[in-house]
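S.K.: Okay, sequence plus prediction incoming.
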Amino acid sequence: MFLHIGSDREILAKSVVSILNISTIEKSKITQEFIQTAKEKGWIESISQDSPKSIIITEENEKTILYLSPISSVTLQRRIGNTLT
């Protein structure tokens, strides 16, 4: 099944490792360090010109990709729950 993550973009639901709320990320030093490392390694893909509300961490073909999504983490978690049932 696929998960719509914004801007006509879909990813495989089974590739999702985690869905993070942007406001939560700002409170965690460890997560900020992870995001910085991801930027340095080129793992981040922004899918919209809108401000991101969530980060979707995926593992696709043994490659880590972080998608910046304009859709809230709550909505994405609800959608992924619907694809798994």
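M.R.: Done, it's in. Numbering: from 1, shown residues only.
S.K.: which residues of this structure fall in helices?
M.R.: All helices of the chain, identified by DSSP state H, fall at 22-25, 29-41, 73-84.
S.K.: So which of those is the most surrounded?
M.R.: For the helices of the chain, the largest average neighbour count (mean count of other C-beta atoms under 10 Å) is found in helix 73-84, namely a mean of 15. For every residue, glycine as well, the C-beta is placed using N, CA and C.
S.K.: In terms of secondary structure, what does it contact?
M.R.: The contact analysis (3 or more C-beta pairs under 8 Å, 6 or more residues apart in numbering; DSSP states H and E) places helix 73-84 against strand 2-6, strand 16-21, strand 54-60.
S.K.: hmm, 10 Å instead?
M.R.: strand 2-6, strand 16-21, helix 22-25, strand 54-60, strand 63-69 (3 or more C-beta pairs under 10 Å, 6 or more residues apart in numbering; DSSP states H and E).
S.K.: I'd like the distance between T58 and L66.
M.R.: Between T58 and L66 the computed distance is 8 Å (C-beta to C-beta, to the nearest Å).
S.K.: Also W43?
M.R.: Counting by C-beta to C-beta - W43 and L66 are separated by 5 Å.
S.K.: Nothing else from me, thank you.
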